[in-house]
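Undergrad: I would like to see how this sequence folds:
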Amino acid sequence: MTEDEIAIAEKGPDEQAQSGLEASALRPLNVLAIALSAISPTTSVFLVYGTGLASAGTGVVYAFLIAAVIVLAMAVCYAETGSLFPSAGGTYTIVHRALGPVWGGLAAVLFLLLGLTTTASVFTAAATYLSGLVPGGLPVGWTALTMLAASTALSMGRIAPASWVAGAMLVLELVVILAFTGCALAHVAPDSHPLTHPVVPGASGLIAAVVPALFAFNGYDWPLYFAEESRGSRHTLPRAVVWAAGVSVTVELSAVVAATFAVRDVDRTVADASPLSLVAHQVMGSTGATILLVGVVVAMFDTGLSANLGYARVYYAAARDGMLPGPLGRFFAHTSRRSRVPVYGFVFLFVGNGLLCIFSSLNDLITFTGVVLVTVCLLVAVSALVCRARARRADPGARPPFRMPLWPVPPLVVVGGLVVALTQQSTRDLLVVGVVCLIAVTGYVIARRPGRAACGRRQ
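TA: Predicted coordinates for the structure are as follows:
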């Protein structure tokens, strides 16, 4: 990085805001709403449950429990490192400052990929559910593209109004998922014992289901991407990360446990194209299930909107900090003079996600995205270990604005759990992500510029 780029990266959030994004527009409640909307417990459960059930049987409950432990450990890793380096770059900034520009560049590349798969998968799933609600159906790809266009239009304005839209939809979706959970618990199948006698095809299937479950909880780190548009970001945003993870784990685990207890015929439910729709019809009736699925579509739109808001800001930060070359960097660093949002980032997301909505498979998007997410989490967990170790050597008495409990247990739990989970993923996804990582690391090694900030240094 050049000296000017390093100076920008080392500015505080208020100073950085003057260089691009809108300053102090968000309050902690706005940010928490965006994070919970990005996680979207309703979207996550209805999107991922079928994949987990097919892989782990009724042992899907234990797959979600294992994922929950990893997520809570991951949340405190994000919170501590995010409090050290508040920036719209979020994960990219953490890895960059902890492990250096090469690994930070890899994180930026992985987020470019996530922006083009996560949002597309959410809108494709939403269009699929919406098509099932309309007599005669709808073209799923084009319906997903229409929903993406509406989300992009909302994202182009100032961030605060969009965050209130996300918050309003979040209230609706929490009502939906809690109503489904209550109905499922009220209709427990007499022969269902997922906690004491789970029907599990095999240990490998249960472990494989952990990665989709991790995908279901994903989004709790979203507060970090609004560090330059929030108040008191060093202290409030790390706590918002932990709160978002805790709420998502509580709500989603409750829904998964309730749904699994309500499964009357495991084989029939696994074979169904939409297992939770089948369960909903059984426990809520036709009218209740229809209302529920409308709420699911709304929740998925909310998730896509929140994802759009975050990914464009990651691209902006990577470009601003000199991690994207020449014209590409100038493209993603451009912000609107009126709204101060990274509009070209939203254009990129719209075009890329739009193509995937029309031409890709939902299942392929989900499995590939899961492996990319696990790779990103591994980078952050290693960064958390490195940051604390360096900080202790530099100043044994220093304390970060947020300090994770039980260190070094959380990052070690994350690394161990994710490595085991990766061993059960498809060879194709592992090869594709591995090749992407190899190309990205090689490219950044070749083009590496001098300059690396000390991880333990407090800004």
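Undergrad: For the rest of this, base every contact and every neighbour count on C-alpha atoms.
TA: Noted.
Undergrad: and Pro401, helix, strand or coil?
TA: Pro401 falls in the coil class when you classify it by DSSP: H, G, I helix; E, B strand; the rest coil.
Undergrad: wait, doesn't it sit right on His235?
TA: Yes. Counting by Cα atoms under 8 Å, Pro401 touches His235, with 5.9 Å between them.
Undergrad: any shared contact partners between those two?
TA: Between them, Pro401 and His235 share these contacting residues under Cα atoms under 8 Å, 6 or more residues apart in numbering: Ser83.
Undergrad: ok, Val382 touching Pro410?
TA: No. Taking contacts as Cα under 8 Å, Val382 lies outside contact range of Pro410: 10.8 Å.
Undergrad: What does the pLDDT read for Gly232?
TA: As predicted, Gly232 sits at a pLDDT of 58.
Undergrad: do Leu112 as well
TA: Reading off the model, Leu112 has pLDDT 84.
Undergrad: So it lies in a helix, does it not?
TA: Yes. Assessed with three-state DSSP, Leu112 lies in a helix.
Undergrad: which residues touch it?
TA: So Leu112 contacts 311, 315 (Cα under 8 Å, 6+ apart).
Undergrad: Now stretch 287-307 - C-alpha only, PDB.
TA: C-alpha atoms of stretch 287-307 as PDB (Å, rounded to 0.1, in the frame of the first residue of the first chain):
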ATOM      1  CA  THR A 287     -54.600 -21.400   5.200                       C
ATOM      2  CA  GLY A 288     -52.100 -21.100   8.000                       C
ATOM      3  CA  ALA A 289     -49.300 -22.500   5.800                       C
ATOM      4  CA  THR A 290     -50.100 -20.000   3.000                       C
ATOM      5  CA  ILE A 291     -49.900 -17.100   5.400                       C
ATOM      6  CA  LEU A 292     -46.600 -18.500   6.700                       C
ATOM      7  CA  LEU A 293     -45.100 -18.800   3.300                       C
ATOM      8  CA  VAL A 294     -46.000 -15.200   2.400                       C
ATOM      9  CA  GLY A 295     -44.100 -14.200   5.500                       C
ATOM     10  CA  VAL A 296     -41.200 -16.400   4.400                       C
ATOM     11  CA  VAL A 297     -41.100 -14.500   1.000                       C
ATOM     12  CA  VAL A 298     -41.100 -11.200   2.800                       C
ATOM     13  CA  ALA A 299     -38.300 -12.400   5.100                       C
ATOM     14  CA  MET A 300     -36.200 -13.500   2.200                       C
ATOM     15  CA  PHE A 301     -36.600 -10.100   0.500                       C
ATOM     16  CA  ASP A 302     -35.500  -8.500   3.700                       C
ATOM     17  CA  THR A 303     -32.400 -10.700   3.800                       C
ATOM     18  CA  GLY A 304     -31.500  -9.900   0.300                       C
ATOM     19  CA  LEU A 305     -31.800  -6.200   1.000                       C
ATOM     20  CA  SER A 306     -29.600  -6.400   4.100                       C
ATOM     21  CA  ALA A 307     -27.000  -8.500   2.200                       C
END
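Undergrad: what does it contact?
TA: So stretch 287-307 is contacted by 34-35, 37-40, 42-43, 46, 115, 118-119, 122-123, 125-127, 129-130, 133, 147-148, 151-152, 154-155, 163, 166, 169-170, 172-173, 176, 180, 277, 280-281 (Cα under 8 Å, 6+ apart).
Undergrad: So which of these belong to helices?
TA: 34-35, 37-39, 42-43, 46, 115, 118-119, 122-123, 125-127, 129-130, 133, 147-148, 151-152, 154-155, 163, 166, 169-170, 172-173, 176, 180, 277, 280-281 (DSSP state H).
Undergrad: Can you say which of the residues you listed are buried?
TA: With neighbours counted by 16 or more other Cα atoms under 10 Å, the ones in helices among the contacts of stretch 287-307 contain buried members at 34-35, 37-39, 42-43, 46, 115, 118-119, 122-123, 125-127, 129-130, 133, 147-148, 151-152, 154-155, 163, 166, 169-170, 173, 176, 180, 277, 280.
Undergrad: tell me the contacts of Gly345?
TA: Contacts for Gly345 (Cα under 8 Å, 6+ apart) come out as 312-313, 315-316, 331-332.
Undergrad: Any chance of these in TSV with neighbour count as columns?
TA: Shown next, in TSV, are those (neighbours: other Cα atoms under 10 Å):
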residue	neighbour count
Ala312	28
Arg313	26
Tyr315	29
Tyr316	27
Phe331	19
Phe332	25
